[in-house]
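Engineer: what's the 3D shape of this:
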Amino acid sequence: MGKTLFAVCDSEKEYAEKIYEFIHATQPDRFEPVLFTGLKQLNEYSSKKAAGVVLICEEMADEFECNDQKSVVIVLSKEKKEIVGGRRAVYKYRSAKEIMKKVMEYCSESNTDTLRRNCEKPLKVIGVYSPIKKTFQTTYAITLGQILAEKGKALYLNFECFSGFDYMMKTLSNSKSDLMDLMYFWECGSENFSYRLGSITEKIGNLDYVRPVHSFMNFEGISSKQWIEFIKAFEEYTDYEYLILDLSEKLNGLFEILRLCSTVYSITDNRRISSAKMRQYETLLCECAYDDVLDKTRKINIPLFREIPENYELLPYSDLAGYIKKEIAFADEKRKEKSGVI
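Structural biologist: Next up, the predicted model:
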């Protein structure tokens, strides 16, 4: 289906314009924002055309005539309240980003129309996995993700046992949802997947990500089939062009997940033990009839750089980023040669 109409109505013109501009800039594929500064305008519009989401100031909320039961009406409250006049509310004086997260959360809990993919380009799933540890796998995956995010909308998912993300990103909070919460939401059968995802995504530069799991032990209860269906949900219900999977062998069905990927990056080095581990991994893929995973795998031996930033947001400006860009350009040229495109 197409974009969802999103009506913003507030008597404070500058405030309403800021919310409108934020929606237009950050959610162009999901919402079509419409701006109102008067209740009469909004009521006249609503009588002719139903908005999927209505964000309205507290002073006007009581007199707003909502003609569509599927519309999600959210009150911009001047106090920190969850409910105002029987309607869900969000604190008006928080950041536009936090307001939108709350809007997405409310939409995911409602019976609003399901958002399906509205993007001409197919989702490109990219796997990053190596049987060798201490090889900058996550650093490589995040850098690659930020580079791809410059070309199109990109999402990064980390499946490590101990990612350390909360500590690196300084987002420690017991109340924040993580990757497993998103998986459970999907498993419960709700089709409002896109809204739920939008309510919990964070950013590293232009790259979206979902907080990795707090306890990898939760992975044990998820089957290969469940993971595959979960990953395919991003193709059906989101407008991402790139999905970067930072994988670990703790996942049931790792090889099946790698098979879903258009490209798999395996980070290695010149140590003898690394070569032995990589050879064992490749042999196992062949023995289990996953030769196609090998065909799409690119082994990356990262050169020794003088410094790789610990701050993830600085990675696109590092020597590593320059190296990855050259690798991508080289791969693109090879692909063109193979297909006969000049």
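
Engineer: how many other residues sit next to residue 133?
Structural biologist: 10 (other C-beta atoms under 10 Å). For the C-beta atoms, the positions are set from N, CA and C on the backbone; glycine is no exception.

Engineer: if I look at it, how far off is residue 249?
Structural biologist: Remark: distance between residue 133 and residue 249 (C-beta to C-beta, to the nearest Å) = 10 Å.

Engineer: overlap in contacts of the two?
Structural biologist: Here residue 133 and residue 249 have no joint contacts, going by C-beta atoms under 8 Å, 6 or more residues apart in numbering.

Engineer: can you name the residues that contact residue 100?
Structural biologist: 22-23, 26-27, 198.

Engineer: need the helices for the stretch 151-300 of the chain, in chain order.
Structural biologist: Secondary structure of the stretch 151-300 of the chain by DSSP state H, counting those that start in this stretch: the helices cover 165-169, 179-187, 193-200, 224-237, 254-260, 272-287, 291-295.

Engineer: can you get me a residue count around the residue nearest to residue 162 when sequence neighbours are not counted?
Structural biologist: Using C-beta to C-beta, 6 or more residues apart in numbering and skipping the chain neighbours, the partner closest in space to residue 162 is residue 216 (7.2 Å). Residue 216 sits with 17 neighbouring residues when counted by other C-beta under 10 Å.

Engineer: residue 216 contacts residue 163, doesn't it?
Structural biologist: No - applying C-beta atoms under 8 Å, one finds residue 216 not in contact with residue 163, separated by 9.1 Å.

Engineer: let me have the contacts of residue 100 in a markdown table, extended by neighbour count.
Structural biologist: Listed next are those as a markdown table, based on neighbours: other C-beta atoms under 10 Å:
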| residue | neighbour count |
| --- | --- |
| 22 | 17 |
| 23 | 24 |
| 26 | 14 |
| 27 | 19 |
| 198 | 23 |
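
Engineer: show me those residues that map onto strands.
Structural biologist: Using DSSP state E, no member of the contacts of residue 100 sits in strands.

Engineer: just the ones of these in helices?
Structural biologist: 22-23, 26, 198 (DSSP state H).

Engineer: re the thing from before, got JSON lines for the contacts of residue 100, with pLDDT and distance to residue 73 too?
Structural biologist: Shown next, in JSON lines, are those (pLDDT from 0 to 100; distance: C-beta to C-beta, whole Å):
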{"residue": "22", "pLDDT": "95", "distance to residue 73": "19"}
{"residue": "23", "pLDDT": "94", "distance to residue 73": "16"}
{"residue": "26", "pLDDT": "87", "distance to residue 73": "21"}
{"residue": "27", "pLDDT": "86", "distance to residue 73": "18"}
{"residue": "198", "pLDDT": "91", "distance to residue 73": "18"}
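
Engineer: per-residue pLDDT of residue 94, please?
Structural biologist: The model reports residue 94 with a pLDDT of 93.

Engineer: same check on the one 10 residues further on?
Structural biologist: In this prediction, residue 104 carries a pLDDT score of 92.

Engineer: now do the one 3 residues further on
Structural biologist: In the predicted model, residue 107 carries a pLDDT score of 89.

Engineer: now do the contacts for residue 3.
Structural biologist: Residue 3 touches 29-32, 118, counting by C-beta under 8 Å, 6+ apart.

Engineer: adding neighbour count and distance to residue 51, write these out as a markdown table.
Structural biologist: Converted to a markdown table, the contacts of residue 3 look like this (neighbours: other C-beta atoms under 10 Å; distance: C-beta to C-beta, whole Å):
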| residue | neighbour count | distance to residue 51 |
| --- | --- | --- |
| 29 | 15 | 17 |
| 30 | 20 | 14 |
| 31 | 21 | 10 |
| 32 | 16 | 9 |
| 118 | 15 | 17 |
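
Engineer: and which of those is nearest to residue 16?
Structural biologist: Comparing the contacts of residue 3 against residue 16 with C-beta to C-beta places residue 31 closest, at 14.9 Å.

Engineer: mind listing what the closest residue to the closest one other than its chain neighbours touches?
Structural biologist: Nearest residue to residue 31 in three dimensions, chain neighbours excluded: residue 6, at 4.1 Å (C-beta to C-beta, 6+ apart). Residues near residue 6 by C-beta under 8 Å, 6+ apart: 23, 27, 31-34, 51-55.

Engineer: for residue 6, list each beta-bridge partner.
Structural biologist: residue 33, residue 53 (DSSP bridges).

Engineer: any idea of the mean pLDDT in the host helix or strand of residue 323?
Structural biologist: Using DSSP states H and E, residue 323 sits within helix 319-339. The average pLDDT for helix 319-339 rounds to 76.

Engineer: now do residue 296: how many residues are near it, please.
Structural biologist: 13.

Engineer: cool, residue 120 as well?
Structural biologist: 7.

Engineer: from residue 195, how far out is it?
Structural biologist: In terms of C-beta to C-beta, residue 120 sits 22 Å off from residue 195.

Engineer: on that earlier part again, as CSV, the helices of the stretch 151-300 of the chain with distance to residue 103 would be great.
Structural biologist: Output for the helices of the stretch 151-300 of the chain, formatted as CSV (distance: least, C-beta to C-beta, whole Å):
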stretch, distance to residue 103
helix 165-169, 23
helix 179-187, 16
helix 193-200, 8
helix 224-237, 17
helix 254-260, 31
helix 272-287, 44
helix 291-295, 40
